[in-house]
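1. have a look; sequence and predicted model below, questions after that.
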Amino acid sequence: MTDILTDLAALLRCPVTGQQLHLATPEEFRALASHDADGFLVREDGAAAYPVTNGIPSLLPESLIPITLPGPKS
């Protein structure tokens, strides 16, 4: 199913900004782990994501999840 979602993600755009979406990388997925979803479609700028549950992405503006990635360690 991931292959289908990967192909679909290439066609989808963020409904808020129009940016392209991609499947969450492992680092992005860890940053979003507190949210209840099977996966995430992340905006091109990496600042927000949309949840994917049972293979169905929720691209409603109210589903948008801001992403805060940990900064580099000093």
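-> Now that the structure is in, tell me what you want to look at.
2. so how far is the top helix by length along the chain from its chain's centroid?
-> Longest helix in the chain, counting residues (DSSP state H): helix 2-9. Put simply, helix 2-9 sits 12 Å off its chain's centre (CA atoms, centre = their mean, to the nearest Å).
3. name the surrounding residues that touch that helix.
-> 21, 22, 23, 39, 41, 52, 55, 57 (CB atoms under 8 Å, 6 or more residues apart in numbering). The way it works is simple: take the backbone N, C-alpha and C, and place the C-beta from them, glycine included.
4. do that again at 10 Å, thanks
-> With contact meaning CB atoms under 10 Å, 6 or more residues apart in numbering, helix 2-9 is reached by 12, 20-24, 38-39, 41-42, 52, 55-57.
5. just the CA trace of it, in CSV.
-> What follows is helix 2-9 as a C-alpha-only set of coordinates in CSV (Å, rounded to 0.1, in the frame of the first residue of the first chain):
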residue,chain,number,x,y,z
THR,A,2,2.9,2.4,0.6
ASP,A,3,3.7,2.3,-3.1
ILE,A,4,0.2,3.5,-4.0
LEU,A,5,0.4,6.2,-1.3
THR,A,6,3.8,7.3,-2.6
ASP,A,7,2.5,7.6,-6.1
LEU,A,8,-0.6,9.4,-4.8
ALA,A,9,1.5,11.8,-2.7
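6. and the following helix or strand past it, what does it pack onto?
-> Under the assignment DSSP states H and E, the closest C-terminal helix or strand after helix 2-9 is strand 21-23. Using 3 or more CB pairs under 10 Å, 6 or more residues apart in numbering; DSSP states H and E as the contact test, the elements touching strand 21-23 are helix 2-9, strand 39-43, strand 48-53.
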